[in-house]
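Colleague: Sequence plus predicted model, see below.
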Amino acid sequence: MKVSILSATLAHLANAAVIWDGRFNDFTSSADLNKWSWSNQVGPYQYYIHGSSAVERYVNLSPDYKNPADTVSKQGAKFTLDSTAFWNGQNMRRTELIPQTKAAINSGKVYYHFSLMRKDTNAPSVNREHQICFFESHFVELKSGWISGEQGTSNPNLQFMVSQNSKWKTEWKANVWHNVAYEISPCSIRKGFYQPAPFISTR
């Protein structure tokens, strides 16, 4: 199975102060993600949760991958999960980017804004759970496909989940852009605030 999702990630909403910018404007190619390491924490993303192949197999950048309505981003990203996308011997396919910042993204009210779209080619399976944009504690996340514990064996929806409960859903059709914004107030969430990890893990 191979899964591809196109995404243009933004870190703010209009009229809000930008404390972390998750665009790819300063990247020449996805190979720039390899510049980050625990000893050299450069760039806007930590890139260490992925399979054993080259970064281009899992993350690709192009102006073709950004939301056409986004006039600020120079390019977007296509994220791919395939038969090599296993990290540290786990049985979950994972390709993740985690914010690299010293900004207070876990203080006060903050917003995470991103756009995503899927193609019919290598579409995410409706028979598997895809964790698309989530916090490590999974108190808030975007998911698609059949979610573990649901009745049946398939689910065609893209869903916004809060504490594992669906709060919004729509059939995830090909070639349709979805703009998503998380408004997060750490004072109102359970203990254990973690940085979000876009994107995408598949069970």
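Modeller: It's in. Numbering: from 1, shown residues only.

Colleague: which residues in this protein form strands?
Modeller: Using DSSP state E, the strands of the chain run over 3-10, 45-46, 59-62, 76-81, 93-94, 98-99, 110-118, 130-135, 140-144, 157-162, 165-171, 178-184, 196-202.

Colleague: Within the sheet, what are the partner strands of the second one, with directions?
Modeller: As defined by DSSP bridges, the strand partners of strand 45-46 come to strand 98-99 (antiparallel).

Colleague: quick one on the thing from earlier: comparing the strands of the chain, which yields the minimum mean pLDDT?
Modeller: When these are compared on mean pLDDT, strand 196-202 scores lowest, with a mean of 43.

Colleague: Can you add distance to Trp36 and mean neighbour count and give the strands of the chain back as JSON lines?
Modeller: Backbone N, C-alpha and C define where each C-beta goes, glycine included. Below are those laid out as JSON lines (distance: least, C-beta to C-beta, whole Å; neighbours: other C-beta atoms under 10 Å):
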{"stretch": "strand 3-10", "distance to Trp36": "16", "mean neighbour count": "23"}
{"stretch": "strand 45-46", "distance to Trp36": "6", "mean neighbour count": "22"}
{"stretch": "strand 59-62", "distance to Trp36": "12", "mean neighbour count": "20"}
{"stretch": "strand 76-81", "distance to Trp36": "15", "mean neighbour count": "24"}
{"stretch": "strand 93-94", "distance to Trp36": "17", "mean neighbour count": "22"}
{"stretch": "strand 98-99", "distance to Trp36": "10", "mean neighbour count": "19"}
{"stretch": "strand 110-118", "distance to Trp36": "20", "mean neighbour count": "22"}
{"stretch": "strand 130-135", "distance to Trp36": "19", "mean neighbour count": "22"}
{"stretch": "strand 140-144", "distance to Trp36": "23", "mean neighbour count": "23"}
{"stretch": "strand 157-162", "distance to Trp36": "29", "mean neighbour count": "18"}
{"stretch": "strand 165-171", "distance to Trp36": "33", "mean neighbour count": "12"}
{"stretch": "strand 178-184", "distance to Trp36": "23", "mean neighbour count": "15"}
{"stretch": "strand 196-202", "distance to Trp36": "14", "mean neighbour count": "23"}
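
Colleague: Could I get the ones you listed in TSV, plus columns for distance to Val18?
Modeller: Listed next are the strands of the chain as TSV, based on distance: least, C-beta to C-beta, whole Å:
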stretch	distance to Val18
strand 3-10	9
strand 45-46	16
strand 59-62	20
strand 76-81	18
strand 93-94	28
strand 98-99	12
strand 110-118	10
strand 130-135	18
strand 140-144	20
strand 157-162	23
strand 165-171	25
strand 178-184	14
strand 196-202	16
